[in-house]
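In: I need the structure of the sequence given here:
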Amino acid sequence: MGLLLAIDVGNTNIVLGLFDLSQSREEPVVQSWRISTSRERTPDEYGLASLALLSHRGIEPSQITDVIISSVVPPLHPVLDAWIQSYFNVDPIWIGPGVKTGLKVMLENPSELGADRIVNCVAGIERFGVPLVVIDFGTATTFDVVNARREYLGGLILPGLKIGAEALFQRASRLPRVEIAEPERLVGRNTVQAMQSGLFYGYVGQVDGILERLLAEYPNAKVVATGGLAKTIAAASKHIHTCDSDLTLEGLRLLWMKNRK
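Out: Below you'll find the predicted structure:
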């Protein structure tokens, strides 16, 4: 069977997803992995790591017939390109200018738009329709808005929850690092509980506050969340009702279908 390897390169993690090209379009991702993003790794280090992951699932490199990549880390592009060509003998499709998306980007400078944000919107439209708000909880948290005419209108970018927690630890000498999780109670009875509660509910309030304003402008929009902390935040949010952890990988599969040779 031929397999499509979809790669989403973020600032913190690289997500790898496999799709079986012999299955129907509705077939979900076959397998996915998450590895840390490192600008110091060589193509061989990425290659050997990927071979180990595939081998663990009984998959041969020769089964990878197509590769598509979305990346927000430009310095890594030559390394990733060399990795894919050396270990899979495939010329990958890169999400960027010239790629067919089906979206009209209504930005002053469309080249500024992160590839992952377009990918998320393509998958969101296919799965949930329009109008649409997609929230991606990554290193940064992004909000993306698509109107009923399938026009990408723009969005918002704010620091991710983990960035806020790390900044609090680094700038306040008596405060420790804490786990990002929904606390058992609102009012913390010790320093760790107080930090967890403040970070978590402060961020939920921030997200819901933005969504209230967006939904006032686009009242019929579906709100979809993805990213590492999506389910954690959505559980306490008043406006997020749908989470899709594979949204970006699914968007890459759809874009591969639009742009395959």
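In: all contacts plus neighbour counts: C-alpha atoms, from now on.
Out: Noted.
In: need the residues that contact the helix or strand hosting residue 168.
Out: Assessed by DSSP states H and E, residue 168 sits inside helix 161-171. Contacts to helix 161-171, defined as CA atoms under 8 Å, 6 or more residues apart in numbering, come from residues 139-141, 175-178, 180, 199-200, 203.
In: could you tell me which of the residues you listed count as buried?
Out: Among these, those buried by neighbour count (16 or more other CA atoms under 10 Å) are 139-141, 178, 180, 199-200, 203.
In: that older thread, would you mind writing the CA trace of the helix holding residue 168 as PDB?
Out: Output in PDB follows, covering the C-alpha atoms of helix 161-171 (Å, rounded to 0.1, in the frame of the first residue of the first chain):
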ATOM      1  CA  LEU A 161      -0.500  29.200  27.900                       C
ATOM      2  CA  LYS A 162       2.900  27.400  28.400                       C
ATOM      3  CA  ILE A 163       4.700  30.600  27.500                       C
ATOM      4  CA  GLY A 164       2.800  32.500  30.200                       C
ATOM      5  CA  ALA A 165       3.600  29.800  32.800                       C
ATOM      6  CA  GLU A 166       7.300  29.800  31.900                       C
ATOM      7  CA  ALA A 167       7.500  33.600  32.000                       C
ATOM      8  CA  LEU A 168       5.900  33.600  35.500                       C
ATOM      9  CA  PHE A 169       8.400  31.000  36.700                       C
ATOM     10  CA  GLN A 170      11.400  32.900  35.200                       C
ATOM     11  CA  ARG A 171      10.500  36.400  36.400                       C
END
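In: just to revisit the earlier point, just the ones of the buried ones among the contacts of helix 161-171 in strands?
Out: Those of the buried ones among the contacts of helix 161-171 mapping onto strands are 140-141, per DSSP state E.
In: turn the buried ones among the contacts of helix 161-171 into TSV, including distance to residue 216 and pLDDT.
Out: Compiled in TSV, these are given as follows (distance: CA to CA, whole Å; pLDDT from 0 to 100):
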residue	distance to residue 216	pLDDT
139	27	89
140	24	93
141	20	96
178	35	83
180	30	83
199	26	92
200	24	93
203	20	95
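In: any chance of the buried ones among the contacts of helix 161-171 in CSV with distance to residue 41 as columns?
Out: Shown next, in CSV, are these (distance: CA to CA, whole Å):
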residue, distance to residue 41
139, 20
140, 23
141, 26
178, 29
180, 28
199, 33
200, 33
203, 33
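In: so what would you say the end-to-end distance of stretch 31-42 is?
Out: 24 Å (CA to CA, to the nearest Å).
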